[in-house]
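J.: Kindly generate the corresponding structure for this input.
(chains A, B and C)
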Amino acid sequence: MSKDETLGEALRRQGITRRGFLKFCAATASMMALPPSMVPAIAAALEKARRPSVIWLSFQECTGCTESLTRSHSPTVEGLIFDAISLDYHHTLQAAAGSAAEAAREAAMEENYGKYLLIVDGSIPLANPGYSTIAGISNLAMLEETAKGAAAVVSMGSCAAFGGIPKARPNPTGAVSVGDIVKDKPIINVPGCPPIPVVITGVLAHFLTFGTLPELDALGRPKAYYGQSIHDRCYRRPFYDKGKFANTFDDEGAKKGWCLYKLGCKGPTTYNACATTKWNEGTGFPIEAGHPCLGCSEPDFWDGGGFYKAISTPTGDVSKAAVYAIGAGAAAGLALGAMNRARRDKAVGEHEKVNIDDLEKGD
Amino acid sequence: MSATLERGIHAFKEVIDAPVASFFSSCVRCGLCAHACLFYTETEEPKYTPIYKLEPLRRVWREEYSFWGRLTKALGLSKPVTDDMLTEWETLVYDSCTMCGRCSMVCPVGNDIAYMVRKMREGMAASGHAPAGLIGATQRAVTIGSPMGVKLPALQAQIRHTEQDIGLPIPVDEVGAEYLLLLSSMEIMNFPEFIGAIAKIFNQAGVSWTISSEAFEATNSGIQIGVSDIAAELVERIVSAAEKLKVKSVISPECGHAYMAIRWEGPNLIGRPYSFKVVHILELLDDLREQGRLKTTGKETQRLTYHDPCQISRRGGVVKQPRNLLNMLAEDFVEMPESGTMNWCCGAGGGVSSNERADELRLKVFNRKKQQLDAIHPDAIISACSNCRIHLEDGLEEYGMDMPVLSLTETIAEHLAGSEQPGSKE
Amino acid sequence: MSETELLLWVRGPALQGATIIFLLGIAVRILEILMLGRKTDLAEARGSAVAGGLRTIISRSFAQRETLQRTAFTEVTGWIFHIGIFVTLLFFAPHILLFEEVLGLSWPALPTTVIDATTIVTIIALLAVLVHRIANRVTRFLSRFQDYLVWLVTILPMLTGYIAFHRVGLSPPMLIAIHILSVELLMVVFPFTKLMHAFTLFMSRYYNGAIAGYRGVNS
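T.: Predicted coordinates:
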């Protein structure tokens, strides 16, 4: 597809009907909680959209985010939208390698300076730049350089958004998030380990339509997808409210699909679209498969106290502390009590008899 | 040696035990004790809140027997108990408290506040903060043998008059009698008919009894002023007399605090159990009734109610007996609203009536008893404590109420069946 | 410190520290009381002290009819907030998990809607109690700084728990951290204040009943 072809032309060339295209626009509008009246505007914008340049930098990542996205890359409209961007640099998907790949990146940056979208997955190591390099260039240097000409930055996945698994204790690489490095560009955090595919396409569609970032929450995540907790939309919520919990993975409660709070579900503190939009094109999500939510779209979820420990449980050994406290308290109490008793008994021993002459104050 | 603040604080330190510590630890300042105390309900002055009366004792407990209190004291952050504070607390501990224990019945965390007031008085007295009237009464009790100054000749005179009136002998110093009767000065001076009533009843029932010329006083001023040393000395006199006369049982007469002193505090004051029993006269009379040895005729037809003396009923445990006797005696017996162990104090026990400074207050708070009476309109009140009787009479007069206050023992004697038989024994 | 780190600290070392102060303090205070001892009563008993003591531990929870007429407000609001605190503390599922983790015991939970309503009622009762403490001449006279501090550390876990459950205002991890912190504050303050009555009332009621029971009186 040529760079000068509009998105509309590209779609028609590939045989997407106007009807199919409008259906996609309607779905996108509804997922972003926009009214139906916006659909024509979305359609018009997308129709005329020229493929923006997108540079995808992969740092300390597992490639899971790419895997997630490409899992939905089937002959669906979402996949075709990806033809609607000019993905000028992506380690896994690009054909070029070596210096040719770097040259493509630099050319795209120069040609589209100030207008390209920078997507980053993976965290950036600060302890030693040598921990993660591309073509001999450290992640930190590449990020700083590439971000300079970007219109906006998308932190794809929890590693880029919050530091992710590399940042987990003890964080040997000194991993930080994109937001810790880039301070002067608009950043959209799209966390998840990995994020839901349709979330990124929705974000891109918003960007293409309006040229702006969607409304973000306090953690920089699009409210359209991260505005509600898993807990509030979970289909197992009635069991939580009734106090019916699975105690193990294969007990009666688990088989009956009861709430997984006791097994460590982080649904109450996790914001994502898993419970509504779901995964695998709406097939399901972890809780539906019987596994508690890990809280993977929240910062520091790896260090959040244990995947299988409920949020309300202590992370330290309180029982041991309690036993020591009672023991020490008993010892201290006996000692102090004995001292008190001795003092009291001494006072009694030193009692001076009070007789009738002692009842009035002397002068 | 005279009273000093140091001796007072020292006394506070001596009396604190596990119950006191648990009470102070548990108080949540809910204020319910105030609503159980007639000194608060009839004056609405918060300073009369029972637990507040103990504030100096609480401070000493905290500073001496709690880790945190000792620490704050060491750091100079605590407020010590001063002589001025004890002066301020005099009226709270002596004028507005009879140790009636009603507060102890309602405290939600179970504080026995009256128990603590009794202990606090040890420190108040040792530091010279007892009321002058009580000091005088105590001195008389020790030197003369009676807080009202009643000497043996006066008693002997009353005994002679009684013998003449009723035609029965009053045994004195009879070795081997079963019962030793004590008498309160109040009875001897103000209600001497009591002696005659006892003689008549015991004669009919065949009770072997005696009075001791060496220890006839029931009232224990040491308990009222709160000096255990003196209280013990007074108890020892009775114990010596009881042992000398080889009695099986000592009778506590119609006096509230006397019963508390001899029955419950006595052995603990002298540090050893008695070799005899102690009964309240009502207990003995009820026993006689049950054994069929007490025969009465006729019934009181006037509407009667019973005032429970606090130290006999709530703090003493003699609750059913007067009611058994009244059921025998009365046609129209009606309980006061809030009766038995929850009856309201008359307002004059525990030394209050010996304390002139408290006169106005105790008459004012009689209003509580008045309200009880107004609810049931009795023709007469019966009670079993002469101090209550005197004060009830004072109160009724103050409030313009015309109602006799009767003694239960005397009323029984009035209804005794058969004629008197002289010279009884056993 | 990030929110997650705060929440981890609160669930970890802070909770251990608070537990230590709480339990050590309670043990010391109870022993300080008990070891002062009580002299044996040498008078002849009329009734059983032990029976009286045990009886009063239970019976003192229930006011006598006449007293109730005079002090209904205190009795009723007292019942409400005490029961409310116990119900929300002991029968809310996430709390039961905490106890299971620490004590190894667990029991059925009440539905969250019931807990929610109970929390609101309890908060209202606690507010009413404060107003009464200030407005009533007796309690106003008796109350010290500590009484108001204790009120505050008691209502805070209820308020913060309610807000955390409904996730209003701050992020859920932050709200939960604040709630757990408020509980830790209560635990740390506990042994130094009248909150000890939760434990010492067993002793004070017992002594009261024992003294009276010895004399044959049901107190």
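
J.: Could you pull up the residues touching whatever residue of the stretch 151-300 of chain A ends up closest to chain B?
T.: Nearest to chain B in the stretch 151-300 of chain A, going by C-beta to the nearest C-beta, is residue A:243, at a distance of 32.2 Å. (C-beta placed from N, C-alpha, C; glycine too.) When contacts are counted by C-beta atoms under 8 Å, 6 or more residues apart in numbering or on different chains, residue A:243 is found next to C:93, C:108, C:109, C:110, C:111, C:112.

J.: Narrow the residues you listed to those that are buried.
T.: C:93, C:109, C:110, C:111, C:112 (16 or more other C-beta atoms under 10 Å in any protein chain shown).

J.: element containing residue 140?
T.: If you meant another chain, say so; for now it's chain A. Taking DSSP states H and E as the definition, one finds residue A:140 inside helix A:139-148.

J.: could you do chain C instead?
T.: Using DSSP H and E, residue C:140 maps to helix C:137-142.

J.: What pLDDT is listed against residue 111?
T.: Since no chain was named, I'll use chain A. pLDDT, residue A:111: 87.

J.: wait, I meant chain B there
T.: On the pLDDT scale, residue B:111 is placed at 97.

J.: if we can go back for a sec, give me the contacts around the helix holding residue C:140.
T.: By C-beta under 8 Å, 6+ apart, helix C:137-142 touches B:29-31, B:34-35, B:40, B:44, B:46-47, B:49, B:51-52, C:132-134.

J.: For the chain, which helix or strand comes out least confident on mean pLDDT?
T.: All of this refers to chain A. Sorting the helices and strands of chain A by mean pLDDT, DSSP states H and E puts helix A:77-83 at the bottom, at a mean of 53.

J.: returning to what we had before: any idea how far residue A:261 is from the residue of the stretch 151-300 of chain A closest to chain B?
T.: Per C-beta to C-beta, to the nearest Å, residue A:243 is found 10 Å from residue A:261.

J.: Same check on residue B:163?
T.: Note on residue B:163: its distance to residue A:261, by C-beta to C-beta, is 90 Å.

J.: and these two? which has more neighbours close in?
T.: residue A:261 (26 against 15; other C-beta atoms under 10 Å in any protein chain shown).

J.: Just read off the phi/psi values of that one.
T.: phi -60, psi -40 (degrees, to the nearest 10).

J.: closest to chain A among the contacts of helix C:137-142?
T.: Within those, proximity to chain A (C-beta to the nearest C-beta) peaks at residue B:51, which comes in at 21.8 Å.

J.: Can you classify that closest one by secondary structure?
T.: helix (DSSP: H, G, I helix; E, B strand; the rest coil).

J.: re the thing from before, where does the residue of the stretch 151-300 of chain A closest to chain B land on pLDDT?
T.: Looking at residue A:243, its pLDDT reads 82.

J.: what's the burial count for the closest residue to chain A within the stretch 101-250 of chain B?
T.: Proximity of the stretch 101-250 of chain B to chain A (C-beta to the nearest C-beta) peaks at residue B:128, 3.6 Å away. Counted with other C-beta under 10 Å, residues neighbouring residue B:128 total 22.

J.: hang on, isn't it packed against residue A:359?
T.: Yes: the criterion here is C-beta atoms under 8 Å, and residue B:128 meets it with residue A:359 at 6.8 Å.

J.: element containing residue 101?
T.: Let's take chain A. Counting by DSSP H and E, residue A:101 is part of helix A:98-111.

J.: that answer is for a different chain, and I need it for chain C
T.: Short version, using DSSP H and E: residue C:101 is in helix C:93-103.

J.: on contacts alone, who are the packing partners of the next helix or strand after that helix?
T.: The helix or strand immediately downstream of helix C:93-103 is helix C:112-135, counting by DSSP H and E. When contacts are defined as 3 or more C-beta pairs under 8 Å, 6 or more residues apart in numbering or on different chains; DSSP states H and E, helix C:112-135 packs onto helix A:237-242, helix C:65-91, helix C:137-142, helix C:145-166.

J.: Can you give me the buried ones in helix C:112-135?
T.: Neighbour-count burial for helix C:112-135 [16+ other C-beta under 10 Å]: C:112, C:114-116, C:118-119, C:121-123, C:125-126, C:129, C:132-133.

J.: what's the nearest residue to residue A:260 if we skip its chain neighbours?
T.: Ranked by C-beta to C-beta, 6 or more residues apart in numbering or on different chains and with sequence neighbours excluded, the top spatial neighbour of residue A:260 is residue A:292, at 4.1 Å.

J.: that's a strand at the one you found, yeah?
T.: No: secondary structure of residue A:292 (three-state DSSP): coil, not part of a strand.

J.: ok, now which ones touch it?
T.: A:260, A:261, A:263, A:264, A:265, A:266, A:267, A:286, A:307, A:308.

J.: What distance do you get for it to residue A:168?
T.: From residue A:292 over to residue A:168 (counting by C-beta to C-beta), the distance is 18 Å.

J.: Chain A: strands as residue ranges?
T.: Using DSSP state E, the strands of chain A run over A:53-58, A:86-89, A:116-121, A:124-125, A:133-134, A:137-138, A:150-156, A:175-176, A:187-190.

J.: Please state the offset of the fourth one from the chain centre?
T.: In terms of C-alpha atoms, centre = their mean, to the nearest Å, the gap separating the centre of strand A:124-125 from the centre of its chain is 17 Å.

J.: How is chain B divided into domains?
T.: Domain assignment for chain B by automatic domain parsing gives B:3-130, B:134-289, B:292-414.

J.: In a markdown table, list the ones you listed along with distance to residue A:14.
T.: Converted to a markdown table, these look like this (distance: least, C-beta to C-beta, whole Å):
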| stretch | distance to residue A:14 |
| --- | --- |
| domain B:3-130 | 78 |
| domain B:134-289 | 104 |
| domain B:292-414 | 94 |
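
J.: Remind me which helix or strand residue B:161 belongs to.
T.: Residue-wise, residue B:161 maps onto helix B:152-166 under DSSP H and E.
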